[in-house]
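> Structure of the sequence below:
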Amino acid sequence: MGCLAGPVVVCVVSIAPGFYRSPKPAFAGVKDSKLLRQDQRDTYARLLKSHPDIQWKISACSPAVIDKINILEASRRAMRSAILNIQISLRESEKVILLIDGPHKIPDIKIDQIPIVKGDQKIFAIACASIIAKVHRDNLMIRYAKKYPGYGFEIHKGYGTKLHRQKIHEIGLVSIHRRSFSLR
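Residues are numbered from 1 along each chain as shown. Predicted structure coming up:
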């Protein structure tokens, strides 16, 4: 959420109950995406996205939307979109509960919700969503690096690093910069 450039990207993950019935050694190291190396995130994202018991959906809000409605509301909008677009097949006896990474529920969603501060460090499903979203966004920023050379998006992925701030000062802003954030 704290990047200076690029969209806010979210992922919703639904894990079928059968997933937990047997050990999954390939997923033993899944944790908060920020605690993994890029190669680990890439491997886990590929495994998670292809697993038959895991459904996922990504949604994003552009920098223009972030600037218009603020980062929290843009994140909520993307979350609502991802939730509404995932096809979760349930039996009547099953109950859906959304586990939300962070302190806030998502307004206008009529599903029980539990917000969990640092949920990506505590809950396997949230860590999975964190990994898929981060890999998606990082790949997007690598593509932006080709469109906007000289900013180093392939290196800092839009975060407010010293290099990124220096490039903003030297080159100026491009359309993917969030104008409502302190960019200099």
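
> tally of neighbours for residue 83?
Residues lying near residue 83 (other Cβ atoms under 10 Å) number 21. Glycine gets a C-beta too; all of them are placed from N, C-alpha and C.

> What's opposite the closest residue in space to it that isn't next to it in sequence in the beta bridge?
Of all residues beyond its chain neighbours, the one nearest residue 83 is residue 12 (5.4 Å), with distances taken as Cβ to Cβ, 6 or more residues apart in numbering. In this entry, residue 12 is beta-bridged to residue 57, by DSSP bridges.

> Now the host helix or strand of residue 48: buried residues?
According to DSSP states H and E, residue 48 maps onto helix 38-50. Across helix 38-50, burial judged by 16 or more other Cβ atoms under 10 Å covers 41-45, 47-49.

> outside of it, which residues touch it?
Here helix 38-50 makes contact (Cβ atoms under 8 Å, 6 or more residues apart in numbering) with 13, 26-27, 29-30, 33, 36, 54, 56, 128, 131-132, 134-136, 138.

> Of the residues you listed, which pair is most distant in space?
Farthest pair in these (Cβ to Cβ) is 26 and 138. Separation: 21.2 Å.

> Neighbour count: those two, which is higher?
Applying other Cβ under 10 Å to residue 26 and residue 138 shows that residue 138 carries more neighbours, namely 20 against 12.

> Which pLDDT value belongs to that one?
Note on residue 138: pLDDT of 97.

> Contact partners for it?
38, 41, 157.

> show me the biggest helix of the protein in terms of residues.
If you go by DSSP state H, the chain has its longest helix at helix 124-147.

> Now do the helices for the protein: every range, in order, please.
Under the criterion DSSP H, helices of the chain are mapped to 38-50, 63-69, 71-85, 119-122, 124-147, 153-156, 162-171.

> before we move on, back to that, mind giving me the PyMOL select for the contacts of helix 38-50, buried ones only?
Those of those that count as buried under 16+ other Cβ under 10 Å are selected in PyMOL with:
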select buried, resi 13+27+30+33+36+54+56+128+131+132+134+135+136+138
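
> Just give me the closest of the contacts of helix 38-50 to residue 77.
Closest approach to residue 77 among the contacts of helix 38-50 (Cβ to Cβ): residue 136, at 16.9 Å.

> Was I right to think the closest one contacts residue 11?
Yes - using Cβ atoms under 8 Å, residue 136 makes contact with residue 11 at a distance of 7.2 Å.
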